[in-house]
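Asker: Generate a structure from the sequence data that follows.
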Amino acid sequence: MARTLTTHVDGKASVSGPTTDAITYAALLDHPAFTGFAFALISHQVHPRLAWAATLRVFQIAMTTRASYEHTVAGKDPALRIMGFSRPAAMALMTALTGSRRGATRGFLSMGNTPNEDELDHVIATVVLPHLHPQLKATA
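Answerer: Got it, this is the predicted structure:
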């Protein structure tokens, strides 16, 4: 049984189910949390191709890894490393998506289908961007 990305009545999204590599990618690509997260990165000058690839990878990790290991796995992930994300940057992406391990930072998935844009901007600007290498940003 695959882990599933569920939108709850309050609009918040969560990942549930046993850990497995079987993911329903069609459902993931259609989910507003997936596209919203990618567009949030793009709006903060992350190169569009990189934003989509990184978004897919952190969602894959979130859907196939126990919650207590998501940040560690993201930090050690070779695919994110090949994309140019350092360990702190990869872990920051996971924090922006799922929230911090101890709950100090709310993640994108807990913000609902229509997250407060100011809160989302704040999370991307303060959690992800400080760890992002300048070469990973889009050039005008």
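Asker: For the rest of this, base every contact and every neighbour count on C-alpha atoms.
Answerer: OK.
Asker: Angles on the backbone of the nearest residue to Lys137 once chain neighbours are set aside, please.
Answerer: Nearest residue to Lys137, sequence neighbours excluded (CA to CA, 6 or more residues apart in numbering): Val46, at 4.3 Å. When quoted as degrees, to the nearest 10, the phi and psi of Val46 stand at phi -80, psi 140.
Asker: doesn't His133 make contact with Val46?
Answerer: No - with contact defined as CA atoms under 8 Å, Val46 does not reach His133; the gap is 10.0 Å.
Asker: For stretch 52-67, give the mean pLDDT please.
Answerer: Along stretch 52-67, the predicted confidence averages to a pLDDT of 88.
Asker: Surely Thr55 is in a strand?
Answerer: No - according to DSSP: H, G, I helix; E, B strand; the rest coil, the state of Thr55 is helix, so it is not within a strand.
Asker: which residues does it contact?
Answerer: 34, 37-38 (CA atoms under 8 Å, 6 or more residues apart in numbering).
Asker: For the residues you listed, which entry has the maximal number of neighbours?
Answerer: Neighbours were tallied for each of the contacts of Thr55 (criterion: other CA atoms under 10 Å), and the maximum of 24 neighbours falls on Phe37.
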